[in-house]
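In: no FASTA, just this:
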């Protein structure tokens, strides 16, 4: 590089010297015609010198910069699942869905604070259960207790193209999974290696999985980790002064007090603190469960067997209430092209706050 630079500098100086000599005749007197020609030649030579410098020195210096310096614009990409801003390569990962129980004997739940999206619904016997959907870069060390599948939860997992972890299921759910397009890992099968039992807890409330086991399963099954769902719309927080007066959100899932739910708006964090059985809902790690967005999705349900198992209607459309920024939005939900979306009363699609969403499936009376 140094030898080339010296050569180019000598070339440029020679050209300038030629141009300078043309300005004068042998007696040192300027001549009008020669002067103009030489002046034009002088400008051409200097322009050529600039181009040569750009080509041999400046451009190589830029090109040889580390890629990270050129590419680091400080821009972040929103994750498809929850709108949170992060690295572009992690913005569109296939979600992980875990069927988790909420039986009073199984509490406290583990890992639910890491979920980006949680669906809650009665399954049977007025007991609720969670479908927790996690980002592909899940990091929870312990998730559970894991319980059995139900057909309507399978339908919800399908909307997200999620990898579905469960322990058995109702006959209807297992039949549905046979033809489902999603990957599912059933603990009551050879996939049991991706779950573990906590011997200090009583069965069946002692089955768990973890981020490391989930990642091992995805790798072993050669599951494509790219997301294949269309995301909801997201926005930045927009709290208002009136939000501080936001009323409680009450959800009477059951006649049993253990399954009654409330959310209270917390102005400093612009989120909703979850209460269950009259107390702040905390996980096994002591984390308080909060939601950036709370949705009440009103659906129809009916019993389909003697055990009270349910068929929940998740097609068509119905009423919905959306809570965010301390405000209530009365609207509706509508499922089209295998995706449920939420709208305000004017038909505008809801833009959720970046962060987690809790969807409560409330049965119509």
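Out: Sure thing, it's come through. Since the structure is predicted, the reported quantities are computational estimates derived from the model, not experimental observations. Numbers count the residues shown, from 1 in each chain.
In: quick one: contacts of the lengthiest strand in the chain?
Out: If you go by DSSP state E, the chain has its longest strand at strand 327-336. Contacts to strand 327-336, defined as C-beta atoms under 8 Å, 6 or more residues apart in numbering, come from residues 240, 242-243, 246, 297, 314-323, 340-345, 350. Placement of C-beta: from N, CA and C, glycine included.
In: The same query, at a cut-off of 10 Å, please.
Out: Contact partners of strand 327-336, identified using C-beta atoms under 10 Å, 6 or more residues apart in numbering, comprise 155, 159, 238-240, 242-243, 246-247, 249, 265, 294-299, 313-323, 340-350, 359.
In: Find out how far it is from the centre of the chain, if you would.
Out: Distance, stretch centre to chain centre, for strand 327-336: 21 Å (C-alpha atoms, centre = their mean, to the nearest Å).
In: low-confidence ranges in the stretch 101-250 of the chain?
Out: Along the stretch 101-250 of the chain, the model assigns pLDDT under 70 to no residue.
In: all helices of it, in order?
Out: Using DSSP state H, counting those that start in this stretch, the helices of the stretch 101-250 of the chain run over residues 151-159, 171-178, 211-220.
In: deepest of these, which one?
Out: Across the helices of the stretch 101-250 of the chain, averaging neighbours per residue (mean count of other C-beta atoms under 10 Å) puts helix 151-159 on top, at a mean of 23.
In: helices or strands up against that one?
Out: If you count contacts as 3 or more C-beta pairs under 10 Å, 6 or more residues apart in numbering; DSSP states H and E, helix 151-159 packs onto strand 96-101, strand 117-124, strand 127-134, strand 163-166, helix 171-178, strand 310-312, strand 339-344, strand 357-363.
In: Need the ones you listed in JSON lines (columns: distance to residue 142).
Out: JSON lines is the format used below for the helices and strands packed on helix 151-159 (distance: least, C-beta to C-beta, whole Å):
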{"stretch": "strand 96-101", "distance to residue 142": "11"}
{"stretch": "strand 117-124", "distance to residue 142": "17"}
{"stretch": "strand 127-134", "distance to residue 142": "13"}
{"stretch": "strand 163-166", "distance to residue 142": "13"}
{"stretch": "helix 171-178", "distance to residue 142": "24"}
{"stretch": "strand 310-312", "distance to residue 142": "29"}
{"stretch": "strand 339-344", "distance to residue 142": "30"}
{"stretch": "strand 357-363", "distance to residue 142": "21"}
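In: Please identify which of these is closest to residue 284.
Out: Evaluated over the helices and strands packed on helix 151-159, closeness to residue 284 peaks at strand 96-101, with 11.6 Å, by C-beta to C-beta.
In: the inter-axis angle of that closest one versus helix 171-178?
Out: 170 degrees (axes from the mean of the first three to the mean of the last three C-alpha atoms, to 10 degrees).
In: Against which helices or strands is strand 96-101 packed?
Out: strand 117-124, strand 127-134, helix 151-159, strand 163-166, strand 184-186, strand 207-208, helix 211-220.
In: count of neighbours near the residue nearest to residue 235 when sequence neighbours are not counted?
Out: Leaving out its chain neighbours, the residue that sits closest to residue 235 by C-beta to C-beta, 6 or more residues apart in numbering is residue 351, at 4.2 Å. Around residue 351 there are 18 other residues, counting by other C-beta atoms under 10 Å.
In: What are the neighbouring residues in contact with residue 351?
Out: The contact partners of residue 351, taken as C-beta under 10 Å, 6+ apart, are 83, 232-236, 238, 293, 322, 324, 342, 344.
In: Also residue 171?
Out: By C-beta under 10 Å, 6+ apart, the contact set of residue 171 is 151, 304-305, 309.
In: Please spell out the PyMOL selection for the buried subset of those residues.
Out: Only the buried entries of the contacts of residue 171 go into this PyMOL selection, using 16 or more other C-beta atoms under 10 Å:
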select buried, resi 151+309
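In: of the contacts of residue 171, closest to residue 258?
Out: For these, the nearest to residue 258 is residue 309 (20.3 Å; C-beta to C-beta).
In: quick one, phi psi at that closest one?
Out: Dihedral pair for residue 309: phi -60, psi 150, per degrees, to the nearest 10.
In: Quick check: it vs residue 362, distance?
Out: Distance from residue 309 to residue 362, counting by C-beta to C-beta, to the nearest Å: 18 Å.
In: So which residues of the stretch 201-350 of the chain form strands?
Out: For the stretch 201-350 of the chain, the strands defined by DSSP state E, counting those that start in this stretch occupy 207-208, 233-235, 249-252, 260-266, 271-276, 279-280, 290-291, 293-299, 301-303, 310-312, 317-324, 327-336, 339-344.
In: care to break this structure down by domain?
Out: Following automatic domain parsing, one gets these domains for the chain: 2-68, 85-363.
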